[in-house]
Structure formats: structure tokens, C-alpha cells
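1. Fold the following.
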Amino acid sequence: MFCPKCGAPAEGKFCEKCGAAVQAGGGGSTGGFSMGNNAGSSAPPVFTAPGLTMNIVGALCYIIPVVCPIIFLLVDPYKTDRTVRFAAFQSLFFSVASFIANKLVWLLLGSSSWQLASNLSGLLGLAELALVLFLAFKAFQNEKIVLPLIGPLAQKQV
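-> Purely as a prediction, here's the structure:
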């Protein structure tokens with residue numbers, strides 16, 4: 001049996017995760033989807049599916065840059081959440097800053113020393129990957145990390 005509100009596995013009359021009332025006698029035959037209790041009413045059954053939690057959405061914004069932040073800024077349940085909006089905007093701003101930093105390395109050093117530009121670009125890429133993984137891990141733990149320069153810009157967008 002699954003909670004109709006948050007989609008977590010539930011036992012008893014109430015969900016242990018969110019506290020929502022759980023329909024008794026609902027089986028696992030709906031494949032993760034639950035139907036609301038409409039016994040005796042003429043309304044059609046209401047189908048609810050378990051959604052992504054906000055901490056997973058925040059982590060996805062960092063792990064899959066540009067695409068996920070834009071999607072989550074447009075999709076209804078997530079676009080109103082302040083933590084998701086912050087993670088999405090910070091991820092977008094970080095992606096732009098990373099692109100600009102990489103282009104500056106190649107612009108300034110590419111013509112004089114191709115090998116040095118290649119090495120610095122590789123190190124910059126590793127540092128960006130480490131920071132993205134750190135931010136995704138912290139977002140998954142519901143911790144807010146505000147990066148210097150771009151973090152305050154993201155906070156203004158929320």
C-alpha cells in the first residue's frame with residue numbers, strides 16, 4: 001500500500017512520512033498508483049502517482065545542468081518551491097560561469113600555449129565536476145549551499 005499524497009510505502013491508516021490518511025484495503029495491484037476512495041460518489045476515481053521529492057529535484061538540477069533546471073522551473077509542482085527554484089537558478093548560473101571560464105582559458109592561453117590551455121581546461125573541468133557533485137549531494141541532504149557571486153544572484157530569483 002502506498003500513500004496517495006507522497007507515494008511512500010505506508011502501513012496502517014496514516015503515512016509515516018507525511019501523515020496523510022491512507023485508504024485501508026488498497027492493494028499493490030495498481031503498480032504504484034493509487035485510486036482515491038470514491039465509494040458512493042458519482043465522481044470519477046482520482047489517480048495520483050508518487051512524484052519526485054524536492055531534495056531529489058534539487059540534486060537533479062545540478063547533475064543534469066541546463067535541461068533539468070529549465071524543466072523544473074516550468075513544471076507546476078516544482079516551480080513554486082523556493083528550494084527547487086534556488087537550486088535551478090544556481091545551477092543555470094554555474095553552467096554559464098563554467099562555460100565563460102572555459103572559453104576565457106582558451107582565449108587567453110590557447111594561441112600562445114595550446115598544451116597549457118588544455119591542461120588548465122582539464123583541471124577546471126575536474127574542479128567543476130567535483131563542485132557539481134558536492135552541490136548535488138548537499139541538495140539531496142536538504143542543505144543549501146550558496147556559491148560566491150552566483151549564489152546571491154540565484155537567491156534574488158527566488
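2. Please make it C-alpha for all contacts and neighbour counts, starting now.
-> Fine.
3. Please enumerate the strands of the chain.
-> 34-35, 47-48 (DSSP state E).
4. quick one, domains of this protein?
-> 1-51, 54-157 (automatic domain parsing).
5. quick one, what contacts the residue most central in space within the chain?
-> When Cα atoms, centre = their mean is applied to the chain, the residue found nearest the centroid is Val57 (2.0 Å). Going by Cα atoms under 8 Å, 6 or more residues apart in numbering, Val57 touches Phe72, Val84.
6. Check whether Asn102 really touches Asn119, as I assumed.
-> No: Asn102 is beyond contact range of Asn119, at 11.4 Å (criterion: Cα atoms under 8 Å).
7. Which of the two has more residues huddled nearby?
-> Asn102 (18 against 12; other Cα atoms under 10 Å).
8. Spatially nearest residue to the more buried one (excluding sequence neighbours)?
-> Closest residue in space to Asn102, ignoring its immediate chain neighbours: Ser121 at 6.1 Å, by Cα to Cα, 6 or more residues apart in numbering.
9. Just the pLDDT for Lys138.
-> Lys138 carries a pLDDT value of 94.
10. Could you check how far the residue of the chain most remote from its centre is from Leu60?
-> Each residue of the chain has a distance to the centre, and by Cα atoms, centre = their mean the biggest one is for Ser112: 40.7 Å. Ser112 is 38 Å from Leu60, where distance means Cα to Cα, to the nearest Å.
11. ok, now Ala127?
-> Distance from Ala127 to Leu60, by Cα to Cα: 19 Å.
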